[in-house]
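[1] Predicted coordinates and the sequence they were generated for:
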Number of protein chains: 2
Amino acid sequence: MITHQGDEDVREDPVGSRPPSAVGGATNRSAAARQGSLREHNLALALRAILGADSPPSRAWVARATGLTRPTVSTLVDQLVRAGLIAELAPLPSQGAGRPAVPLSAAPRSVVGLGLEVNVDYIGGRVLDLTGDVVAEAVLPGEFHDASPAAVLGRLGNLARDLLASVRQEGMVPVGARLALPGLVDLRERRLRVAPNLGWSGLDPVPLLGLPDDLDVQIANEANLAGVAQLSKGGPTSFLYVSGEVGIGAAIVLDGELYLGRHGWSGEIGHVAVDPAGPRCRCGAHGCLEQYSGKDALCTAVGLPVTASAADLLDRLTREDTAARAAAARAGTALGQAVAATVNLFDVDTVLLGGLYADLADLLLPHVRAELDARVLATPWSPVDVRRAPVASHAALSGAARLALQGVLDDPGAYVTP
Amino acid sequence: MITHQGDEDVREDPVGSRPPSAVGGATNRSAAARQGSLREHNLALALRAILGADSPPSRAWVARATGLTRPTVSTLVDQLVRAGLIAELAPLPSQGAGRPAVPLSAAPRSVVGLGLEVNVDYIGGRVLDLTGDVVAEAVLPGEFHDASPAAVLGRLGNLARDLLASVRQEGMVPVGARLALPGLVDLRERRLRVAPNLGWSGLDPVPLLGLPDDLDVQIANEANLAGVAQLSKGGPTSFLYVSGEVGIGAAIVLDGELYLGRHGWSGEIGHVAVDPAGPRCRCGAHGCLEQYSGKDALCTAVGLPVTASAADLLDRLTREDTAARAAAARAGTALGQAVAATVNLFDVDTVLLGGLYADLADLLLPHVRAELDARVLATPWSPVDVRRAPVASHAALSGAARLALQGVLDDPGAYVTP
DNA sequence: CCGATTAGTTGTACGGTTAAACATAAATGA
DNA sequence: TCATTTATGTTTAACCGTACAACTAATCGG
């Protein structure tokens, strides 16, 4: 027994030290389940059932949907109602026999999540409530390449405090914030390793925001968060989201959860090699996808300055012009090759194109589809569905706010008195 | 309420219909937690703690490790002992003050898992118990390209029945079997879609084995299972395993669980494009990794027939010969490019080379490492560790047997009387 | 031999779910 | 009109599994 003498604190598993392999992680596999865990699990289950229902469900429906009994659901729902997470709506004019049900729905404007974003051409914040409604928003355009992190994050912090103050004013309770950053974000150490387009590297941006210490503020990659924003009630729950901007990022969403990898920098599709002998990339390697399908490459190919707007680029590419067609083909084909590699590796069957690619989807899609048909091994049995991402405008803000709210969905027990 | 009237059977979620996104799935997030779920969770927790301990632990140690109380652990361990999953060892000569502990360990030769494999040049079966020991094994070399599925699987079925009979004879209880196949395996529909090297396609191999109906028999990809076999007590729990043979497959293992994707055909690294303008591949596309680093390509590059053995190939490649060096460089570089893409997408920091690549590791590693250093974006902050896979001989057999046993680890409650 | 220390067990309390019965409210139909 | 049917939601008692505290068991050091 000697070897065990030292192992005192194996038992607790502080969240920070856990590898962030997924978001929305649910019940901890390696923790002891006590009595309360049961209630927490079922509370979350009932909450998800209500939020995910097509129309406001009754307690009895929730019981059927979850497999819990009606008395149990009643007590759980009562707790959710008391906590302000769920609201009882006015009974509908009754439909059929039996006692009329009390419809339940997510309580609007109760708990809210704050999404923040720093990007090359704007900073912004957005507040979402449990219904998914945007309850407050502010976006400041600007030009932040090579701007001082302290200055930019300070301004964003002011904007965030204003948003928080205004929603608190109306009685809402912010439960967390996520900051979207266009770069390699280390979740475990909460550091922005490098953001080439901002010219930033090696910093912890959270203190620079100056938000209250009691608010849970975390950081994540912009494309990953934009991917999360594509989740919607009817839509697919497993997909690859590819965001084209100056850089190209991707998010892998599986069963409604973001796949983050060991450190949180999964999905770096922009540096998948399309042609190992191709042009040199900012990252030092040769032939990265970014050199073929990034915004700069596209602009250059059609003779625009790299500072051109997405609208200009779309305009130029839409011309019936040999150069324009060639540029779209080159970018779309390269994108298709990289996406095909990703699909072969991840086995997803839906691909959503976002960011700049949402605007250019009509031009790129035929080329992307052609490459996927040729290169994805599984195509004959499960064709890959590639399409424009449904949420486009500032998607990362919504994804960040959504993820900030995730803590409530995962552990409503923390917000409820039994 | 009309819209809800029809939704009767939302509650149960038969395992077959669930997307097989991971193995070792643990407590079902979308199921109601009843009282018994608590016990099942903690039973699995205690079992994992005992199996994962460095040396046979006591009940008190398990309590500390899991966060459960000693009385609870006592009752759980008693159940595991009664079920024959855990054995109480003879007390050690006591070390220090206090009542001597009763050391616990996995019960040898109690429940066992059966791993089966059909490959181009052999069929085989292996039986593992909870300690990880091989308790029975049989391998039949042969040449199975274009052989009849019914004949080959019939022979494998005989072999499997012999193994099962012999372990049953000794009082062991087989709890399941996994069949490893070198091809695209659809887990959800339990079909082998296509196995180019066998010349097989579109079949359900399980009935052809003729195993007893009460044994849970499932199928999986050979490389995926070989990846699972690399998990060991001291080693990494998240890694990319790349298996080079005629085809090239990969397994992505995250936190000790195999990532399978939507259908179970994740990890098809052999058809990641290394050069889109490269040679045409069997799959119809151009420039797939397989055309650069597959066994056939390597053999051809050094002037051997594609039927040459791994030993011949190694022998020829090890010569101080320009052609041999060029062949190793070409294969290693291409492999490095595909692996770099995978690492950029998955964010893993360990890569294990298995199959043929285990033999060729010394020759390939420098080239692979060079490409990773150049192409993996995260290299400066988290260098990728690439090395030879620890388990080489018939790894898929061990992985399959291990996965067959996984059901016991995930749900020991099913094998225990409370 | 006695206190200190650690391992494992016994008995009671508590929290959470269940099953069964009950209360509520509407539609249905003789 | 009024009992019957149907469905929702609540109450009650029982059950199950874990926690806590106290106990026994076994060893060491003095």
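    The structure has been received and is ready for your questions. Residues are numbered from 1 along each chain as shown, chains lettered A, B, ... in the order given.
[2] Buried residues of stretch A:151-159, list them for me.
    A:152, A:153, A:155, A:156, A:157, A:159 (16 or more other Cβ atoms under 10 Å in any protein chain shown). C-beta here means a position set from N, CA and C on the backbone, and glycine is covered the same way.
[3] Work out for me the element residue A:253 sits within.
    For residue A:253, the element it lies in under DSSP states H and E is strand A:248-254.
[4] Distance of residue A:302 relative to DNA strand C?
    60 Å (Cβ to the nearest atom of the strand, to the nearest Å).
[5] related to what we said a few turns ago, mind putting the buried residues of stretch A:151-159 into TSV with secondary structure, pLDDT and distance to chain B?
    Formatted as TSV, those follow (DSSP: H, G, I helix; E, B strand; the rest coil; pLDDT from 0 to 100; distance: Cβ to the nearest Cβ, whole Å):
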residue	secondary structure	pLDDT	distance to chain B
A:152	helix	98	23
A:153	helix	98	21
A:155	helix	98	28
A:156	helix	98	24
A:157	helix	98	26
A:159	helix	98	30
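[6] Closest one to DNA strand C out of the residues you listed, please.
    residue A:157 (38.3 Å; Cβ to the nearest atom of the strand).
[7] who's in contact with the closest residue to the closest one other than its chain neighbours?
    Leaving out its chain neighbours, the residue that sits closest to residue A:157 by Cβ to Cβ, 6 or more residues apart in numbering or on different chains is residue A:209, at 3.9 Å. Residue A:209 makes contact with A:116, A:153, A:154, A:156, A:157, A:160, A:179, A:217, according to Cβ atoms under 8 Å, 6 or more residues apart in numbering or on different chains.
[8] Just give me the neighbour total for the one residue in the stretch 151-300 of chain A that gets nearest to DNA strand D.
    Closest contact between the stretch 151-300 of chain A and DNA strand D, by Cβ to the nearest atom of the strand, is at residue A:233 (21.3 Å). When neighbours are defined as other Cβ atoms under 10 Å in any protein chain shown, residue A:233 has 9 of them.
[9] which residues touch it?
    Applying Cβ under 8 Å, 6+ apart, the residues contacting residue A:233 are A:52, A:54.
[10] Mind doing that once more with 10 Å?
    Going by Cβ atoms under 10 Å, 6 or more residues apart in numbering or on different chains, residue A:233 touches A:51, A:52, A:53, A:54, A:132.
[11] Could you identify the buried members of those?
    A:51, A:53, A:132.
[12] What score does the closest residue in space to the first one that isn't next to it in sequence have for pLDDT?
    Of all residues beyond its chain neighbours, the one nearest residue A:51 is residue A:106 (5.3 Å), with distances taken as Cβ to Cβ, 6+ apart. Looking at residue A:106, its pLDDT reads 98.
[13] Can you tell me which residues in the stretch 1-150 of chain A are near DNA strand D?
    A:32-35, A:58-61, A:70-71, A:74, A:78, A:96-102 (Cβ under 7 Å from any atom of the strand).
[14] How far off centre is the one helix or strand in chain A whose mean pLDDT sits lowest?
    Lowest on mean pLDDT, DSSP states H and E among the helices and strands of chain A sits helix A:310-318, with a mean of 92. A distance of 27 Å separates the centroid of the chain from that of helix A:310-318, by Cα atoms, centre = their mean, to the nearest Å.
[15] Report all helices and strands that it contacts.
    helix A:295-301, helix A:322-346, helix A:356-375 (3 or more Cβ pairs under 10 Å, 6 or more residues apart in numbering or on different chains; DSSP states H and E).
[16] Can you check what angle separates the longest one from helix A:310-318?
    The reference is to helix A:322-346. 110 degrees (axes from the mean of the first three to the mean of the last three Cα atoms, to 10 degrees).
[17] Helix A:322-346 near chain B at all?
    Yes. Helix A:322-346 is in contact with chain B by Cβ under 10 Å from any Cβ of the partner chain, via A:333, A:334, A:336, A:337, A:338, A:340, A:341, A:342, A:343, A:344, A:345, A:346.
[18] Looking at the residues you listed, which one is closest to DNA strand D?
    For the residues of helix A:322-346 next to chain B, the nearest to DNA strand D is residue A:346 (36.6 Å; Cβ to the nearest atom of the strand).
[19] quick one: the closest one from residue B:253, how far?
    Distance, residue A:346 to residue B:253, using Cβ to Cβ, to the nearest Å: 14 Å.
[20] likewise residue A:302?
    For residue A:302 relative to residue B:253 (Cβ to Cβ), the value is 44 Å.
[21] Settle it for me: which of those two has more neighbours?
    residue B:253 (25 against 19).
[22] what bridges to the more buried one?
    residue B:239, residue B:258 (DSSP bridges).
[23] returning to that earlier point: so which of the buried ones among the contacts of residue A:233 belong to helices?
    residue A:51 (DSSP state H).
[24] any chance of the buried ones among the contacts of residue A:233 in TSV, with distance to DNA strand C and pLDDT too?
    Output for those, formatted as TSV (distance: Cβ to the nearest atom of the strand, whole Å; pLDDT from 0 to 100):
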residue	distance to DNA strand C	pLDDT
A:51	18	97
A:53	19	96
A:132	27	95
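[25] Look through the stretch 151-300 of chain A and state the residue closest to chain B.
    Proximity of the stretch 151-300 of chain A to chain B (Cβ to the nearest Cβ) peaks at residue A:261, 2.5 Å away.
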